[in-house]
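In: Can you look at this prediction? I've put the sequence above it.
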Amino acid sequence: MNPVLLWFHQLGSPPVFDRFAARWVPVGFVLGLLTMAIGLYGALFVVPADYQQGDSFRILYIHVPAAWMSLFVYGLMAFYAVIALVWHIKLCEVLAMACAPIGALFTAVTLATGSIWGKPMWGTWWDWDPRLTSELVLLFLYLGVIGLNAAIEDRRAAARAAGFLAIVGVVLLPVIRYSVTWWNSLHQGATIKLFGESTMDASMTWPLWVMVLATKFWFVGSLLQRARADNLEREAGKDWARAAAGVER
Amino acid sequence: MSYREYVIGAYAVFAAFLAWDFLVPRLRLARARRNIVLRAKREAARKNGNPA
């Protein structure tokens, strides 16, 4: 078998995953914190204040990466859920359910920081604008997945049911992405573009890209940590889990 | 036109959420480990005829 495929197959084994996660959780968090320190230094102390928004535009450096993560994590959760449902891979159930609280946190950060920015710029904490409302619905979807997963006692049946909900909810992602294009929105259109020229000066965008990278590293650490805890709970009766918990035989 | 308090508030929210995201799974992992140890102790006590 191809060595990469073989490695993936082996990673599906709970004890192998536990060892893998134990090794990579600190790496994800340390890289996340280091890149975040660089990005935040740039965002708060290096880039100049905006000529119209003053310092309030600095909120963008946490708001935009969090918003992108809220969509990315949802997509990944649905992807894992599809694999879990089609191929019945237990680890993918674990990973899909581990994505949900992280995605919910990033969505909550997006809504909270957007609201804090909106008060001085729009004159209101909240508006039932298409972008804000669809992002709020995304938070409710995440909470629905978490709630459904917690409500069913059989862990595998719970993950499958919550996985279905996650997959159905994918239809919301393009609605959020294009809400500012499809409807009249108080929320501004895309300022920063992955492909094409951004309407923000390049001297002000580098901390944003660093923060985007930092949130990805952080996500790796957080996902593996949550999945590791869930994996250990599910496998509590197994010998490897006892050994991992330090129980002498 | 500083809006410093809004910037501080937003970054504080971000830091608080990250701290939560870091700590909660760590505590859950520690609890899972503790439960496994306690379960092993109960089983050992039952085997020795000494219900714990």
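Out: Great, that's in hand. Residues are numbered from 1 along each chain as shown, chains lettered A, B, ... in the order given.

In: what residues does chain B put near chain A?
Out: B:1-4, B:6-7, B:9-11, B:13-14, B:17-18, B:20-22, B:24-26, B:28-29, B:32-37, B:39-40 (Cβ under 8 Å from any Cβ of the partner chain). C-beta coordinates here come from the backbone N, C-alpha and C atoms, glycine included.

In: Mind pulling up the pLDDT for residue 33?
Out: In the absence of a named chain, chain A is used. Predicted confidence (pLDDT) for A:Leu33: 97.

In: Wait, chain B was what I had in mind.
Out: 93.

In: Spatially nearest residue to it, not counting backbone neighbours?
Out: A:Ala245 (4.2 Å; Cβ to Cβ, 6 or more residues apart in numbering or on different chains).

In: State the number of residues packed around that neighbour.
Out: Applying other Cβ atoms under 10 Å in any protein chain shown, we find 20 residues neighbouring A:Ala245.

In: ok, which stretches of chain A are helices?
Out: A:3-11, A:14-41, A:60-87, A:90-122, A:130-151, A:155-168, A:172-182, A:202-234, A:239-244 (DSSP state H).

In: Redo these as a markdown table? Include distance to chain B and mean neighbour count.
Out: Formatted as a markdown table, the helices of chain A follow (distance: least, Cβ to the nearest Cβ, whole Å; neighbours: other Cβ atoms under 10 Å in any protein chain shown):
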| stretch | distance to chain B | mean neighbour count |
| --- | --- | --- |
| helix A:3-11 | 19 | 11 |
| helix A:14-41 | 7 | 17 |
| helix A:60-87 | 5 | 21 |
| helix A:90-122 | 4 | 23 |
| helix A:130-151 | 12 | 19 |
| helix A:155-168 | 13 | 19 |
| helix A:172-182 | 19 | 15 |
| helix A:202-234 | 4 | 21 |
| helix A:239-244 | 6 | 17 |
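
In: Name the residues that touch stretch B:22-38?
Out: With contacts defined as Cβ atoms under 8 Å, 6 or more residues apart in numbering or on different chains, stretch B:22-38 is touched by A:29, A:101, A:222, A:225-226, A:228-229, A:232-233, A:236, A:241-242, A:244-247.

In: Just checking the distance from stretch A:14-31 to the centre of its chain.
Out: 18 Å (Cα atoms, centre = their mean, to the nearest Å).

In: nope, stretch A:156-164 is what I meant
Out: Using Cα atoms, centre = their mean, the offset of stretch A:156-164 from its chain centre is 19 Å.

In: neighbouring contacts of it?
Out: A:80-82, A:84-85, A:90, A:93-94, A:96-97, A:100, A:145-146, A:148-152.

In: switch to 10 Å and redo it
Out: A:77-78, A:80-85, A:88, A:90, A:92-97, A:100, A:144-152, A:154, A:166, A:230, A:234 (Cβ atoms under 10 Å, 6 or more residues apart in numbering or on different chains).

In: For A:Trp183, state which of the contacts of stretch B:22-38 is nearest.
Out: A:Pro101 (30.0 Å; Cβ to Cβ).

In: shaky segments in chain A?
Out: For chain A, the stretches flagged by pLDDT under 70 are A:249.

In: and the gap between A:Gly189 and chain B?
Out: Noted for A:Gly189: a distance of 21 Å to chain B, by Cβ to the nearest Cβ, to the nearest Å.

In: Same check on A:Ser56?
Out: 4 Å.
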